[in-house]
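**Q** Requesting a structural model of the entry that follows:
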Amino acid sequence: QVQLVESGGGLVQPGGSLRLACEVSGFTVSYSATTWFRQVPGKEREGVACISNVDGRTNYADFVKGRFTISRDSAKNMVFLQMNSLKPEDTAVYYCNTHGASYDYWGQGTQVTVPS
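**A** Numbers count the residues shown, from 1 in each chain. The predicted structure is shown next:
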């Protein structure tokens, strides 16, 4: 059974940092691209950052470029999201996802709150 478990969320003041972790079991994380998404109540889920399984290339949404960094530890089968210079608008539930032609796996999410 495939499980993705996010952790590392919490309450942080503006300008602070958090490191989210996505622990994957039942699936080899390096076999597929992994994406961090976030969602605010009442809004659609949006992609934040993605790391390729092919060459490790990363892509970021414009609103996090220069502040967030996605990385992967294949030995630990984990993906991380380092978030720096956090802003109130970064407040959301953050999810990790990996998907392919026949599968689409999500974690339960971790809450990040940056008060204004």
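
**Q** Verify the stated contact: Gly10 with Tyr94.
**A** No - using CB atoms under 8 Å, Gly10 is not in contact with Tyr94; the gap is 11.1 Å. In this view, the C-beta of every residue, glycine as well, is placed from N, C-alpha and C.

**Q** can you list residues touching both of the two?
**A** 111-112 (CB atoms under 8 Å, 6 or more residues apart in numbering).

**Q** Those two: which is more packed in?
**A** Tyr94 (23 against 13; other CB atoms under 10 Å).

**Q** So for the more buried one, what's the nearest residue that isn't a sequence neighbour?
**A** Arg38 (4.8 Å; CB to CB, 6 or more residues apart in numbering).

**Q** What residues does the one you found make contact with?
**A** 45-46, 48, 90, 92-95, 112.

**Q** and the spatially most central residue of the chain, what pLDDT?
**A** Averaging the C-alpha coordinates of the chain gives a centre point, and the residue nearest to it by CA atoms, centre = their mean is Trp36 (2.9 Å). pLDDT, Trp36: 98.

**Q** is it in a bridge, and if so with what?
**A** When bridges are called by DSSP bridges, Trp36 pairs up with Ala49, Cys96.

**Q** Can you tell me how far it is from Pro115?
**A** Using CB to CB, to the nearest Å, Trp36 is found at 21 Å from Pro115.

**Q** same check, this time on Gly10
**A** 12 Å.

**Q** Good, wrapping up.
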